[in-house]
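Participant: sequence first, then the predicted structure:
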Amino acid sequence: MAMEALLILVVAVLTSAAAYIFGIARLQFSRSRLWLAFGKTCECLGLTVVFCVLNLAVAMFAILAMRSLSGRFVSLYLASDTTFVMLSLLQALTFQAWREGARQRHMSEARDRDLLHHEP
C-alpha cells in the first residue's frame, strides 16, 4: 500500500515538473501566474468539498426517505460511491468557470460605465 502511494506521488511530481518546464519553455507561461493558478486550484478544491458534502447530504436524505416510504432497508453505503467525488469536481469546475465569467462581465460593465462617466 505504501509503495502504491509512493508511486502515485512520484508520477504526479514528475508530470507536474514536466508540465511546468513545458509551460515555461514552450508555451512561455509566466512563472508568477503559477501562484494565481494555484489559488484558483485551491478555490476549486474547496468548491469540490462543498459539492461533495451537499451531494452526500442529499443522497443520505434520499436513502432515508426511500427507507421510510418503502418500508424496506436501503443501505447508506450507496452514498459512499467514489463517483460522487468525480461529479462534485465537475460541478465545482463548472461553477467556478460560471462565477469567473460573471466576474469578468461585471468588471467589463463597470469599466464601460467608468468610461462613459469620464468622457469630456
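Facilitator: Arrived safely, thanks for sending. Numbering: from 1, shown residues only.
Participant: backbone dihedrals for residue 29, please?
Facilitator: Backbone torsions of residue 29, given as degrees, to the nearest 10, read phi -70, psi 150.
Participant: I misspoke; the intended subject was residue 86.
Facilitator: Main-chain torsions, residue 86, degrees, to the nearest 10: phi -60, psi -40.
Participant: please spell out which residues along the lowest-mean-pLDDT helix or strand in the chain are buried.
Facilitator: For the chain, using mean pLDDT, DSSP states H and E, the weakest element among its helices and strands is helix 83-117, scoring a mean of 84. Neighbour-count burial for helix 83-117, with 16 or more other Cβ atoms under 10 Å as criterion, is recorded at 84, 88, 89, 91, 92, 96. Just so you know, the C-beta spots here come from the backbone N, C-alpha and C atoms, and that holds for glycine as well.
Participant: quick one, what contacts the residue nearest to residue 51 when sequence neighbours are not counted?
Facilitator: Among residues not flanking residue 51 along the chain, residue 88 sits closest, at 3.9 Å (Cβ to Cβ, 6 or more residues apart in numbering). By Cβ atoms under 8 Å, 6 or more residues apart in numbering, the contact list for residue 88 reads 48, 49, 51, 52, 55.
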